[in-house]
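# Okay, sequence plus prediction incoming.
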Amino acid sequence: MKATKVIIGLILFSAFAAAQQTTIRVPLGGGEAVAEITFDQSRVSVTDAKRWIQLFPQEGTYNQAVGWSINCHSGPAPSEIGHLKSDKERNERLVKDLDPSHYPEELSQVAAYLRHLQSLWLWLGSQELDFLANGNGNALEATFDGVNPKHDCKEAIDKIALARNREEACELVHHDWNNCVNSIGQKRLGAYPEAVWQKFLDDNGIRVRALSTVDD
């Protein structure tokens, strides 16, 4: 009789444990990528799972630039400057969200890395906005975290100084200067700490699979 009760108890316990396993799908970065997350709700809440997955190495929200696109034709137009200002506000919110203290200690290194990356993009966009909106050429020569555009991206800056008109200068800033400084900044930052991310998933029994809505 006791053995029967033990067996029933084990069956009930196993069923309960299995019931705690949850699989959800969460959009990543506002694009076509989706993360399929499987986890134990007795250890991880749905809210936390949805928030943590945005730190995903490839298509996570915090691993992508917010936009910072601009049409340089006609100057650019005041409406394009307005778009850049909106992108700046969005980027500032991302940097604020990535405060490492808002995440488990085991994810602090990942959050700090992505915060630095977003800070680089925020600085790039802010300098570009200052130049295009205010004509401040010094904005393109300012330094950021060891990156010295005046020295490291001299060729791009020289081209901008020789631009024939505002539209050409805009194109050179948005592509040549931005790409040069971004490349150097990311090289200094180094690679995403993927081993730290994977260890956090493993330690918390979280399985993640990247999907695409195109396949659905």
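Received it, and whenever you're ready, just let me know what you need. What you see is a predicted model, and the numbers here were worked out from it, not measured in a lab.

# From the chain's centroid, how far away is the helix or strand containing Lys50?
Taking DSSP states H and E as the criterion, Lys50 maps to helix 46-52. Between the centre of helix 46-52 and the centre of its chain there are 16 Å (Cα atoms, centre = their mean, to the nearest Å).

# can you list contacts of that helix?
Residues outside helix 46-52 that contact it (Cβ atoms under 8 Å, 6 or more residues apart in numbering) are Thr22, Ile24, Val26, Ile37, Phe39, Tyr103, Leu107, Ile206. Where you see a C-beta, it was placed from the backbone N, CA and C, and this is true even at glycine.

# what does stretch 114-131 give?
With Cβ under 8 Å, 6+ apart as the test, stretch 114-131 has contacts from 55, 60, 62-63, 65-66, 68, 81, 84-85, 87-88, 91-92, 94-95, 98-100, 136-137, 139-140, 142, 144-145, 173-174, 177-178, 181-182, 185-186, 189, 192.

# Looking at it now, give me its mean pLDDT.
What stretch 114-131 shows for mean pLDDT is 96.

# For the remainder of this discussion, apply numbering that starts at 57.
Sure, I'll start counting at 57 from here, so that last one is stretch 170-187.

# Check what pLDDT the nearest residue to Ala217 once chain neighbours are set aside gets.
Leaving aside its chain neighbours, Ala217 sits nearest to Gly193 (7.5 Å; criterion: Cβ to Cβ, 6 or more residues apart in numbering). What the model reports for Gly193 is a pLDDT of 90.

# Would you mind listing where this protein has pLDDT under the threshold?
Scanning the chain for pLDDT under 70 picks out the ranges 57-75, 86-87, 269-272.

# Longest helix in it, please.
In the chain, assigned by DSSP state H, the helix with the most residues is helix 164-190.

# What about Gly191, how many residues nearby?
10 (other Cβ atoms under 10 Å).
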